[in-house]
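Student: model this:
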Amino acid sequence: MKLAAILASVAALAGRVESYTNPITIKGYKMYDAKTGDYFSAKGIDYYPRPNTGELNENNVDFFTDDHASVWEKDIEYLAATGANAVRLYAVDPTKSHDMFMCALRAKGMYALIDLGASCKGCSISNDKYPTCYPSTLKDRGEQIILAFAKYDNVLAFSAGNEVNHVVTDPTMNAPCQKKFIRDMRKFTADCSKTMRSIPVGVVLADHERDFNALYYSCRTNVSDTYENAEWYGLNAYLSCDPLITDGSKATGLLNMLNDFLSYKMPIPVLLTEFGCLNKVFSPVGDYEAQRTWLEAGWISTDKYREVLSGGFAFEYSTEYANAVNENPNKSSEYPFKKYGPGNWGLGYFSPKNCDHGSEPCTYKPMPNYENLKAQYNVTATTNEPKMASFVPATDRVSPPPCPTNGTVLAEATWPVDSVQSYACPAVALSFTCPNQASSGIWVGTTLLNTTETPSTTTPTTTTPDTTKPATATAGTLASATAAVASFVVTTCMAISVAFT
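Tutor: Sure thing, here's the model as predicted:
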């Protein structure tokens, strides 16, 4: 897509509303707007708009680039209409531009939770025993993504992994690799904090071995190493499965989870990064069976649940045809998913059956449970939360908890990945302003350097910061990593930069 067309599309999306975003920061176990000090709770949706057929009908596709605008631009309208303020992205390509997508989100006042890993080979923690479960290519990939996305003020956070405990029978096998990757990404972010925003790095786990995972990823095996612990903790948990329970104070599964996390005394925010239980006994709505009520989306924003949770992400925006039908031909409902099926996770689905986001465009069709989530998200309010300056964490939740007795001390392992040198930090402070949107200012670390409130209408200038590795760097096993990062550019829609010496 030509530059003029890109700008026109973004400007059109931006002009519809004036929500915009400021960076989100963490104080204790809560999240706040870094500029206004207002409390922030995620009302999110897991977003992976996989088509029903075609070459994009795969895992690990980055649908959120400028050249895929035709895929996501209408979806953002549906996402925002639910009252959501965030989306979770499972796979991104740091060598491609995401300016249009991030600006379109920002125009709706929405944030993105970005996964640093993905399902491609060498892109995640493996099921090998530590330390070999941490591939050098993952370190390269994580740093590339941080460098590419740090310029956007509406990146909510980075996730260093998704459900690594799902690929092993014993979490102690690969948990040290996941913890080490968190540490490396936090250290890299801190080292570059003079020229880019410090975006919180956390982790997402499946909800088994709950005690071990929560404690191990929030503790420090070396108490003096301030980068070891995750800065936030995500849990993929499907706990509210009984449609007869309509009172959050009686939702046993969620309450047990809440009490468990209170007992861990974690000093960091906790997010439900996937939630929304399927059950065939949910009531039908119209022609659609078993429509989720999404009552838990309202419950987790109440005072009681906010003692632990900083919101959550409903799973998921669209039913993935391949998962719902192809992989479970004897158990799942057939397209268009009006019958109950264990793979029918969508708030809606794509039509027609043979749509591919290419020669056969996909049209989103909301299901009744989309309206149920919308009813919850559009009425939740957290106005009784104190401002950031007034919030004082509980005295028993200010320090990392003790590590599990079976948790590996990171320093006791020899890590081959340590021979992979990090990329150079940007030479000047990263900045970015979306067309026709007011900027939140230039941020480095967690500090606002200057503020620009006037919307930019300036033709963008493109600069290429020094994001190659030092000359002595070891390239690792990712053959084209250095070339890929050197080729991506940080686009600034205002000619703003702050040099550091």
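
Student: can you give me the strands for the stretch 351-500 of the chain?
Tutor: Counting by DSSP state E, counting those that start in this stretch, the stretch 351-500 of the chain has strands at residues 363-366, 442-444, 447-450, 461-463, 490-492.

Student: Can you tell me which helices and strands the first one packs against?
Tutor: Okay, so that is strand 363-366. Contacts defined by 3 or more C-beta pairs under 8 Å, 6 or more residues apart in numbering; DSSP states H and E place strand 363-366 against helix 69-81, strand 348-351. Where C-beta positions appear, they are placed from N, C-alpha and C, glycine not excepted.

Student: Tell me the gap between it and the middle of its chain.
Tutor: 23 Å (C-alpha atoms, centre = their mean, to the nearest Å).

Student: Pipe the helices and strands packed on strand 363-366 into CSV and attach mean pLDDT per row.
Tutor: Shown next, in CSV, are those (pLDDT from 0 to 100):
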stretch, mean pLDDT
helix 69-81, 98
strand 348-351, 98
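
Student: Please identify the deepest-packed of the ones you listed.
Tutor: strand 348-351 (a mean of 22; mean count of other C-beta atoms under 10 Å).

Student: who does that one touch, helix- and strand-wise?
Tutor: So strand 348-351, by 3+ C-beta pairs under 8 Å, 6+ apart, packs with strand 363-366.

Student: Tell me who's in contact with residue 241.
Tutor: Neighbouring residues of residue 241 by C-beta atoms under 8 Å, 6 or more residues apart in numbering: 253, 277, 278, 279.

Student: Relative to residue 341, how far out is the residue lying closest to the last one once chain neighbours are set aside?
Tutor: Of all residues beyond its chain neighbours, the one nearest residue 279 is residue 241 (4.9 Å), with distances taken as C-beta to C-beta, 6 or more residues apart in numbering. When C-beta to C-beta, to the nearest Å is applied, the distance between residue 241 and residue 341 equals 16 Å.

Student: what's the answer for residue 157, then?
Tutor: Counting by C-beta to C-beta - residue 157 and residue 341 are separated by 32 Å.

Student: Who has more neighbours out of those two?
Tutor: residue 157 (24 against 21; other C-beta atoms under 10 Å).

Student: which residues does the residue lying closest to the more buried one once chain neighbours are set aside contact?
Tutor: The shortest distance from residue 157 to any non-neighbouring residue, by C-beta to C-beta, 6+ apart, is to residue 200 (4.5 Å). Residues near residue 200 by C-beta under 8 Å, 6+ apart: 25, 26, 157, 158, 231, 232.

Student: out of the residues you listed, who's nearest residue 47?
Tutor: residue 157 (15.2 Å; C-beta to C-beta).

Student: any idea which element the closest one lies in?
Tutor: Secondary structure assignment for residue 157, by DSSP states H and E: strand 155-162.

Student: That strand packs against which elements?
Tutor: strand 111-115, helix 136-149, helix 175-191, strand 201-206.

Student: Point out the most buried one among these.
Tutor: strand 201-206 (a mean of 26).

Student: in the sheet, who's paired with the nearest residue to residue 449 once chain neighbours are set aside?
Tutor: Distance criterion C-beta to C-beta, 6+ apart; nearest residue to residue 449, sequence neighbours excluded, is residue 442 at 4.5 Å. For residue 442, the residues forming beta bridges with it (DSSP bridges) are residue 450.

Student: same deal with residue 25?
Tutor: Beta-bridge partners for residue 25, by DSSP bridges, are residue 32.

Student: Against residue 158, how distant is it?
Tutor: 14 Å.

Student: quick one: which of the two has more around it?
Tutor: When neighbours are counted by other C-beta under 10 Å, residue 25 and residue 158 differ, and residue 158 comes out ahead with 25 against 20.

Student: How about the contacts made by the residue nearest to the more buried one when sequence neighbours are not counted?
Tutor: Leaving aside its sequence neighbours, residue 158 sits nearest to residue 201 (C-beta to C-beta, 6+ apart; 4.9 Å). Shown in contact with residue 201 (C-beta under 8 Å, 6+ apart): 116, 157, 158, 159, 160, 182, 185, 186, 189, 230, 231.

Student: repeat that for 7 Å
Tutor: 158, 160, 182, 185, 186, 189, 230, 231 (C-beta atoms under 7 Å, 6 or more residues apart in numbering).

Student: Next one: the last one from residue 345, what distance?
Tutor: So the one you mean is residue 231. For residue 231, the distance to residue 345 - C-beta to C-beta - is 28 Å.

Student: about what we covered before: and the furthest pair within the contacts of residue 200?
Tutor: The most distant members of these, if one measures by C-beta to C-beta, are 25 and 158, lying 13.9 Å apart.

Student: Spatially central, which residue of this protein would that be?
Tutor: residue 113 (2.0 Å; C-alpha atoms, centre = their mean).

Student: Assess the claim that it and residue 86 are in contact.
Tutor: Yes. Under the criterion of C-beta atoms under 7 Å, residue 113 makes contact with residue 86 at 6.1 Å.

Student: Identify the contacts common to these two.
Tutor: The contact lists of residue 113 and residue 86 share 44, 156, where a contact means C-beta under 7 Å, 6+ apart.

Student: Tell me how many other residues crowd the residue nearest to residue 246 when sequence neighbours are not counted.
Tutor: Spatial nearest neighbour of residue 246, chain neighbours left out: residue 295 (6.2 Å); criterion: C-beta to C-beta, 6+ apart. By the measure other C-beta under 10 Å, the count of residues near residue 295 is 18.

Student: Now do the end-to-end distance for stretch 213-226.
Tutor: 18 Å (C-alpha to C-alpha, to the nearest Å).

Student: Buried residues, it. List them.
Tutor: Within stretch 213-226, the residues that qualify as buried are 213, 214, 215, 216, 217, 218, 219, 220, 221, counting by 16 or more other C-beta atoms under 10 Å.

Student: so where's this structure shaky on pLDDT?
Tutor: 1-19, 327-332, 451-468, 470-501 (pLDDT under 70).
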